[in-house]
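*Asks:* Next comes the sequence, and after it the predicted model I'd like to discuss.
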Amino acid sequence: FNMKDLLVDLMLHYGGKWITKPLLVYGKKYIATRRDTSADLLDYDKIVEEYTKNLGFVLVKQILVKGPSGKFYLLEGSEGSKTLQCLLNEQFKVVNFFVVDDFEETVFAPNIIHHSETYLVECEYGTDAETESDDDQSSDDEYNFDELELIKMLKSKEVNADLSHYKELHPSMTFKDLNEARKIVNLYSLANSKPIVVGKSDRTRLRYKCMIGCPFVLLISQDGKGPGFKVKTLKINHNCEDAFKNPRACTSTLAQYFKSKLQNNPQYKLKDMRKDLKDQFNLNASTSKLKRAKRMALQKLQGSFLDDFNRIEAYANELRLSNLGSDIVINLSKDVLEQGKRKFLRMYICFNALKLGWKEGLRPFIGLDGTVLKGQCKGQLLVVMAQDSQNCFYPLAWVVVDKETTMTWIWFLQLLNNSLNLKDGQTITFMSNMQKGLINAVKNVLPLSHHRYCVRHIEANWMKRFRSGDMKKLLWWAAWSTYEEDFKDQLSALGALSKSAAKDLLKYPPQTWCRAYLDTICKNQMVDNNFTESFNSWILEARGKPILKMLEDIRIKIMNRLREKEEDASKWTIDYSPKCMKLFTAYMRIAQLCSVDFNGDLGYEVSEGEDRHTVNLVEKKCTCRSWQLTGILCPHAIKVMLYQKIEPKNEINWWYSKEAYLMTYREKLMPVRGEQFWNVLPEHAMVPPDLVKTVGRPKTKRTREKDAAIKRAGEWAHSRKGTKMTCSKCGETTHNARTCNFVEGEQGATLKRKGDRTEEESEEESEEEVEEPHGEDYDVNSSAPRPTQDEEYHFMSSLQYEPFGPAREPESDPDIRPQVISENSTKLKMRMNQQRATGNRVISFRGDHVGISEPTDLPYSPTNLTWKGKEAVTGNQLERERQKKVDKLKTRKTNGKSQI
């Protein structure tokens, strides 16, 4: 538009008082109006002249102007005038000027030349103020619009725990309607614990009074000078006592009070609600009223959950601005987009600080997992975790998706590949829970990467048929075997207990879960995905919140975690991580039991137990493969180093050093501004993804595996399923103490309480304990009673949480998953207590240049799949056979071309 053709109205505010806290507000004032002023004549010097010549100011210290969205900006010189002229348009042509007199304190506001806000709010033209005309006649303004704005802001303050913003009523309060007035008065009554009652209520007025003898009176009626209602009569003093039962604490008021608490914690329970009311306001509320209030608050929050999707694009832009270099991607539904709407599908977040931490100090080992969101807007959170030298999780990226499928994993991994520059994944090792869609996605996006399966989940499936504690221990010992001969020993021991168990275990390819066949590039020997699932438990509370609140909680937790980890590492008094040194110390103890033979060149033979290993110091390899797997010297390499008088600690891989740890955590997440600074535009609006409904009634508790530990009285306890309960009075198993007919002292009754022993039984047990063999039997559980061994090791299923309804309270989940079987307290302990080395069995090198090998000559083979008594194959087996044939054809074709 032509600047000369645009006419603007100038509103010159003066005679008021500046309020700087908590917000910058101009108090009671006069207004002089200059209408239909040409925009090109708008100049700083002319505005100053208006104040000095026409409004009686001697000296003007500062001129401030309100921007398009109502914020104050400092106007200085011709450059400021030009910036203001550029902002003028048909939506912003009423300009409000404010003055700071010479005797007033300086007001701090941003200069208008740095203006960056967008036109989010339409300026209102109407005003109830009596204004001056061009003849410079002025009059008092009866209504103070900035004060009304301030009062409105105070009314809309957040409902906090003690309702501190609602402790007082003010005679100048105005209300849009009587419903708004009722809400304010109800919160005032609740905040002050006063039993206010309604004296009169109709369409035009609302009168409140207190108990008999209390002078409190409040009258709210229509405002005769405009729309809305205002306080007409207010006697604020009370002489009554606090109320234990408050008639104003209705269901809607309690729902409004508990809304923010339920939003922050959807697991907020009725007993906690009742306790908070009692502690804060000494108020007694019935259970039925609290149930109704909770249901109403959750129903209202449904809109809050949905409204987050309208602001999620603005949030993504804010993340990009505050953390430069971060990858934030939002994926919308193409089908719905063609209909002119926007529907949220997925959101990907990978902060630049986390990318730098991955590149500078982390091993190329990545865990993948997904977890269910528990809030009103359902979906799933897929996460990618690295692992630091303390074996703690390090978040790399996460996505919110509508559901977990092959497509969503492919989309996630493609973005991750771009963020971390993984290329074809040749040097990367992944760990997952064997989800079919995830396995295919990794093969699709990163075809040359290495993929391990979590032994916890293999155990969960395998133990459905084989529930023995001995079998479970041998499964883990087989997974921890670092060379094939040891793996065969554990498999043979398992087969001695049950051949079908050993064969069934081999259905899971050992090269995906046994250390003897894993790659050695990533310098990580983990065989379970627990560190990734620990992250899901770490953000348990956040997963029940609206999407923006959840993402903010995750960001803040990670921001604090990066700082705390760096602070912890700065206090280390050693050059390597404590976890690394703990394993190194255990290996040092084992090395003392080994013997070494040297050929005078580069050949070292080290015997541990009956196995004789070969160590190559130049290539940093040992036939036990532990050195290659972890980067930490194995007992055999340590023995050779000590033999050559070399400090073995100096040969630990750099990944475990304090320097690498500090480089990992030195990059920080930058703070993000609050929602009031986000650039939310109408075109950002979008609808949430469709709810994926499951068959049956929604579950309120997660599904447990067989024999899974349960949480009882705040501690972990074993399942009582299958346990025979006995009567505490007579010791019989047919009844309990409540229905027992035993009378103490009655003849013929036998009383044998649990734990009672006769002298003969005690002597027999003591003799059995003495005769128990030791020596070559290194079973660490040999001292424990056999009947309890099945319960000594238990499996905790994956932390998968089911959605719950608005009136249901889910079961609380553990913060930390209990350890299944500790390698330190079982296998390493056995190695530290073994007899003198004999070295009868020679262990040779295996594996390709990255340490990967295939199992050969195993004592058992996997059972074939059968269908109706006949052999059958799975789709995966057919796919593998097809791929083998395709590879053979390609090889023939390549060889044929080379011969030509």
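*Replies:* Here it is on my side, so go on.

*Asks:* where's Leu540, which helix or strand?
*Replies:* According to DSSP states H and E, Leu540 maps onto no helix or strand at all.

*Asks:* where does it sit relative to Cys514, distance-wise?
*Replies:* Leu540 is 32 Å from Cys514, where distance means CB to CB, to the nearest Å. For every residue, glycine as well, the C-beta is placed using N, CA and C.

*Asks:* quick one, which of those two is more surrounded?
*Replies:* Cys514 (24 against 17; other CB atoms under 10 Å).

*Asks:* Please enumerate the strands of the stretch 551-700 of the chain.
*Replies:* Counting by DSSP state E, counting those that start in this stretch, one finds strands in the stretch 551-700 of the chain at the ranges 595-598, 604-608, 611-616, 621-622.

*Asks:* Longest helix in this structure, please.
*Replies:* helix 287-322 (DSSP state H).

*Asks:* Give the other helices and strands that that helix contacts.
*Replies:* Of the remaining helices and strands, those touching helix 287-322 by 3 or more CB pairs under 8 Å, 6 or more residues apart in numbering; DSSP states H and E are helix 251-264, helix 270-281, strand 327-332, strand 344-350, helix 547-570.

*Asks:* any idea which of the ones you listed is most buried?
*Replies:* Stretch with highest mean neighbour count among the helices and strands packed on helix 287-322: strand 344-350 (a mean of 23; mean count of other CB atoms under 10 Å).

*Asks:* buried set for the helix or strand just after that one?
*Replies:* Next along the chain after strand 344-350, taking DSSP H and E as the criterion, comes helix 352-361. Buried residues in helix 352-361, counted by 16 or more other CB atoms under 10 Å: 352-358, 361.

*Asks:* And for helix 352-361, what's in contact with it?
*Replies:* With contacts defined as CB atoms under 8 Å, 6 or more residues apart in numbering, helix 352-361 is touched by 323-327, 386, 388, 394-397, 419-420, 558, 562, 655, 659-670.

*Asks:* now Ile821: how far from Met588?
*Replies:* From Ile821 across to Met588, the span is 23 Å (CB to CB).

*Asks:* of these two, who's got more company?
*Replies:* Neighbour totals were compared for Ile821 and Met588, and Ile821 leads with 21 against 17 (other CB under 10 Å).

*Asks:* you'd agree the more buried one is up against Leu474?
*Replies:* No: assessed by CB atoms under 8 Å, Ile821 is found out of contact with Leu474, at 10.3 Å.

*Asks:* What sits closest to Arg465 if chain neighbours are left out?
*Replies:* Nearest in space to Arg465, with sequence neighbours left out and distances taken as CB to CB, 6 or more residues apart in numbering, is Asp504 at 6.6 Å.

*Asks:* Which elements pack onto the strand or helix carrying that neighbour?
*Replies:* Using DSSP H and E, Asp504 sits within helix 499-505. On a contact count with 3+ CB pairs under 8 Å, 6+ apart, helix 499-505 meets helix 455-462, helix 469-479, helix 484-497.

*Asks:* any chance of those in TSV, with mean pLDDT and mean neighbour count too?
*Replies:* Shown next, in TSV, are the helices and strands packed on helix 499-505 (pLDDT from 0 to 100; neighbours: other CB atoms under 10 Å):
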stretch	mean pLDDT	mean neighbour count
helix 455-462	91	20
helix 469-479	91	22
helix 484-497	94	19
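
*Asks:* could the ones you listed go into a markdown table alongside distance to Thr427?
*Replies:* As requested, the helices and strands packed on helix 499-505 are exported to a markdown table (distance: least, CB to CB, whole Å):
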| stretch | distance to Thr427 |
| --- | --- |
| helix 455-462 | 23 |
| helix 469-479 | 23 |
| helix 484-497 | 24 |
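
*Asks:* Of those helices, which is nearest Asn599?
*Replies:* Of all the helices and strands packed on helix 499-505, helix 484-497 sits nearest to Asn599, with 22.2 Å by CB to CB.

*Asks:* tell me what that closest one is packed against?
*Replies:* Counting contacts by 3+ CB pairs under 8 Å, 6+ apart, helix 484-497 packs against helix 469-479, helix 499-505.
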